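Q: The sequence and its predicted three-dimensional model are supplied below.
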Amino acid sequence: MTARRDTLAALKGTLARLERGGMPPASPHAPSDGSGLVPLGAAGLDAALGGGIARAALHEVHAEAPVHVPAATGFTLGLARRVAPAGPLVWVRQRFLDQEFGRPYGRGLAALGLDPGAVVMVRVRDAEDALRATLDAARCGAVGTVVADIWGAPKILDLTASRRLSLAAAESGVTVLMTRAGAEPEPSAALSRWRVRGLASEAAEGGMPGRPAFSVTLLRHRAGIPPRDWSMEWDREHGRFRERTALPGRLAPLPAERTAAPPVEPQSIPFRRAG
Amino acid sequence: MRLAAVDPMARELGLVPGQKLADARACVPQLAAIDHDPVADQNLLERLADAADRYTPLVALNAPDGLTLDVTGCAHLFGGEAALCRDLLERMRGAGFTARAALAGTPEAAAALARHGRPGIVPPGGEAEAVARLPVGALGIDASTALALTRAGLKTIGDLASRPSDLLVARFGAGLATRLRRVCGHEDARLTPRRAVAACMVERRFAEPVARREDLTGALSLVLGKAAASLEQRGEGGRLFEASFFRTDGVVRRIAVETGEATRDTAAVSRLFTERMHLLDDPTDPGFGFDLLRLAVPRTEVLAARQVLIDGRGEAERETTALVDHLVARFGRSNVLRFLDRPSHIPERAEVMVPAIAVGGGSYRSAGPAAARPLARPLQLFDPPQPIETLAEVPDGPPASFHWRRTTFQIIRAEGPERIAGEWWRDGEDMLTRDYYGLEDREGRRFWVFRQGLYGRETASPRWFIHGLFA
C-alpha cells in the first residue's frame, strides 16, 4: 500500500514539473530515500555507514597490494552496480594496465551482473589525462558512475584535483569511484576511502570456488565513522553485497605467504565475572 | 644515369632532361647533380595542390609537375580569371617556384598550352585556334605515336585537326581522336578531384592574416553557424566536420571532428573544435597567420526532428553522446571504446572493443554461456594469453600450483574444465583444444587458466596459459 502511495506521489511530482514547463531529466541513479545514500546490501556495513554509500561524491578504493587490484576493481564495480544499476558507466583506465592485469572483458562484467553495453571505456596515456577524462565525465549528469583506475601516486593527483572531482560529482550527481594501486593512502577530498584485499571464497557445492569475496577496510570517512573491517562477498544474482558469515569447518582465510598471523591481543572481557 | 630535370641555368648551358649524366658532365664539368627523388616530388606536388585548394575544391594532380584546377564559377571571387591567374602565379613565385598557367575550356587544352604553348587565357571557344600551332607532342600521347605522326608530315595539332578523324582512328586508334577533340575543346571531360568534394562547404576569407587561436576559433564558430543554416535547409546534420586553415605561405592545416550522431548544434561542434585547435600550432614553423578558413561537412545524414520522450530518456542519451564526442575530440577516436560482442566462442574473439562513436550504447547482446557461475568469465582478459608453468596431481586435472611472473600460486579450489574447441573454419584443423579452469589460491586471487591441447590425443606435452583474472 505504501509503495503504491509512493509511486503516486512520484508521478504527481513529475506531472507538476511537466506543467511548469521543464522536462525532468532521466536519472540513471538508483532510487534512494532522498538522503543520497545507497545501501550496499550488507546489513552491518550499511548500519555503520548510516544507510549506505553516498551518491554524487568521490570515493577512493585502494588495493592493499598490486596483487589485489582485481579484487579492488571487482569491489569498485560492485559499488558502481549498486549506485547506478542502469546508468552509463564511464571507465577511465591507463593504457599500460592492460598489459599488467589484462584488458577489461565485457563477458566478465556481465558475469558480475553489470551491463557491458552501458560501459564506455576511455583509455588514456597517463594520470593527467586520466584525471581530465574523469572530470569531463563527472560533469556530465547523464552518466551514472565514473570508475577511474589510477596507478601509483602521481603528483598531479593532489588535494586540489580531488576536491575538483568531488565538487563536479556533487554538482552533477555522478558518483566517482577511484581505484588506486601502488600508492599509500594520503589526504584527499574523497568522501570515503577503502582498502580492499581479496579473500578466499566460501566453497560452493563440490568444493568449487564460490562468490567473489573481499576483505574491506574503511580507512576514513568524512562523517567521522571509525575505521573498521568487514568480510563481504558479491552476490551477482541479486546485485548486492553480503556479509561473510564465518562458518566453522571451512578453510580459514589465512594468508599463505606470511610466516605467522600477527599476535592477537588477549581481549578484555566486557563482563565482570561473578563470584 | 640520365638527367631527370634541369634548372634554367643548366638549360642555358645546353643541358636537357634525358641526357646522359656522363655527357652532361663532359659539357659542364662543374655540374651539380642531385639524386632524383620521385616520392619527394610527389609530396611537394601534393602540398602545392593543398595550397591550390584555396581557389577551388576541384584540384587534380597532373603528374609529374602540373596541377589542374577547375575554376568554373570560382573566378569572380578573385576578381576575374586574369586576377585569379595572377594571384596564383604570384603565390607560386613567392614560394620560390617557376610556374606557368593557362586557362582554357577543357583541362587537356589548358595543360597543353601551359606545358608547350603561350600561357594566358583562352577566350571561350578559342581552344582549337590557340592549340593549332602546338607540336603534336603537346597532345600528351606516347612518343612512338608522336614520332609516327611527325614522319607522316603532321607536325602540329592544327595539321592533325584538319584531317578527317576516321583516318586517324583507323591508323592510330580511337584514343588519339578523343585526345584531339578534348585538346581542341570540342569535347569536355570532368576532372577527378584529388579530395572528394563535400556536400556542404563554407569559407571565410580574412583581409589580414590571422594568427591568434582565439580569433580563429571565433571565426570558425561563425562559419559553423552558416554551415548549420545550410544543413538545416536540406534537413540534414553533419557527422564529420573538417576545417581547413590556409596559411599565407601555402601551408594548409586540417582539423576534423566527428560526432556520434548527426548534428547541427553550432555550439557543441565548436566546443569539439576548441579541443583540437592546438593542432594549428607549429612551434618550429609558426608562419605569418592564416588568411582563409574553409569548413567542409563531408559526411551528412538526414536529421529528423526529435521526439521528446516524456521521461527525458532521450535527453540523457543525447548528453551521453555529447560526452563521447567530447572525449573523442580530446583523446582520439581509438581511445574511447565500447564492448561489442561477436559470434565466436573463442574467448578473445567473442568480443572486440570498437570506437564508441561508431556504435551506440546497448549494442551488447549476449552475456556468454552460463554467466551465472562465479568463475564463468574473467573480469580482465590477457590478450594474448601468457604462458605459465604448472604442477598438477594428474596429467589431465587442474593444476595444484602454478608459477607466473616469478611467483608461485598454491591453488586451493578449482573449477572446470570448460572445453573450448578451435574454430576449424578459421584456424584450420590443427588448432588445439583448450581446457579452461577457474582457480583460486589461498589469498582469494582467482585466475582463468587453460591447457592447450588434449593430453595424449592432440599433444604429448600440453602447454598451460593464464588467460584472465577474476575479481
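A: Sure, I can see it.

Q: Surely B:E443 and A:S201 touch.
A: No. The criterion here is CB atoms under 8 Å, and B:E443 misses it with A:S201 at 11.2 Å. Where C-beta positions appear, they are placed from N, C-alpha and C, glycine not excepted.

Q: Next, the buried residues of stretch A:96-108.
A: Using 16 or more other CB atoms under 10 Å in any protein chain shown as the test for burial, stretch A:96-108 gives A:97-98, A:101-108.

Q: Tell me which two of those residues sit farthest apart.
A: Using CB to CB, these span at most 18.8 Å, a distance reached by A:L97 and A:R107.

Q: Rounded mean pLDDT for stretch B:120-139, please.
A: The predicted model assigns stretch B:120-139 a mean pLDDT of 86.

Q: So A:P187: helix, strand or coil?
A: Recorded secondary structure, A:P187: coil (DSSP: H, G, I helix; E, B strand; the rest coil).

Q: follow-up on the earlier one: now, which of the buried residues of stretch A:96-108 lie within helices?
A: Judged by DSSP state H, the buried residues of stretch A:96-108 include A:97-98, A:101, A:106-108 as members of helices.

Q: Out of these, which are close to chain B?
A: A:101, A:106-108 (CB under 8 Å from any CB of the partner chain).

Q: how about the residues you listed in CSV, adding pLDDT?
A: Listed next are those as CSV, based on pLDDT from 0 to 100:
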residue, pLDDT
A:F101, 90
A:G106, 89
A:R107, 87
A:G108, 89
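
Q: Please compute how far the helix or strand encompassing A:L77 lies from its chain's middle.
A: Using DSSP states H and E, the element containing A:L77 is helix A:69-83. With CA atoms, centre = their mean, to the nearest Å as the basis, helix A:69-83 stands 5 Å off its chain's centre.

Q: Convert that helix to CSV, retaining C-alpha atoms only.
A: Taking C-alpha atoms only, helix A:69-83 is exported to CSV below (Å, rounded to 0.1, in the frame of the first residue of the first chain):
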residue,chain,number,x,y,z
VAL,A,69,44.0,-5.0,-7.9
PRO,A,70,41.5,-7.4,-9.5
ALA,A,71,39.7,-7.7,-6.1
ALA,A,72,39.6,-3.9,-5.7
THR,A,73,38.3,-3.5,-9.2
GLY,A,74,35.6,-6.0,-8.5
PHE,A,75,34.6,-4.2,-5.3
THR,A,76,34.5,-0.9,-7.2
LEU,A,77,32.4,-2.3,-9.9
GLY,A,78,30.1,-3.8,-7.3
LEU,A,79,29.7,-0.3,-5.8
ALA,A,80,29.0,1.1,-9.3
ARG,A,81,26.4,-1.5,-9.8
ARG,A,82,24.7,-0.6,-6.5
VAL,A,83,24.9,3.2,-7.1
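
Q: what about the helices in the stretch 1-150 of chain A?
A: In the stretch 1-150 of chain A, the segments counted as helices under DSSP state H, counting those that start in this stretch are A:2-19, A:43-49, A:69-83, A:97-101, A:106-111, A:127-138.

Q: Make a markdown table out of those helices and add distance to B:A40.
A: Shown next, in a markdown table, are the helices of the stretch 1-150 of chain A (distance: least, CB to CB, whole Å):
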| stretch | distance to B:A40 |
| --- | --- |
| helix A:2-19 | 66 |
| helix A:43-49 | 68 |
| helix A:69-83 | 50 |
| helix A:97-101 | 39 |
| helix A:106-111 | 47 |
| helix A:127-138 | 36 |
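
Q: Lowest average pLDDT across these?
A: helix A:2-19 (a mean of 70).

Q: And A:R125, how far from B:Q380?
A: Distance of A:R125 to B:Q380, given as CB to CB, to the nearest Å: 19 Å.

Q: Kindly report the same for B:S165.
A: On the measure of CB to CB, B:S165 and B:Q380 end up 73 Å apart.

Q: Who has more neighbours out of the two?
A: The residue with more neighbours, out of B:S165 and B:Q380, is B:Q380; 24 against 16, by other CB atoms under 10 Å in any protein chain shown.

Q: close enough to count as contact, the more buried one and A:T73?
A: Yes. In this structure, B:Q380 is within contact of A:T73 by CB under 8 Å, at 7.4 Å.
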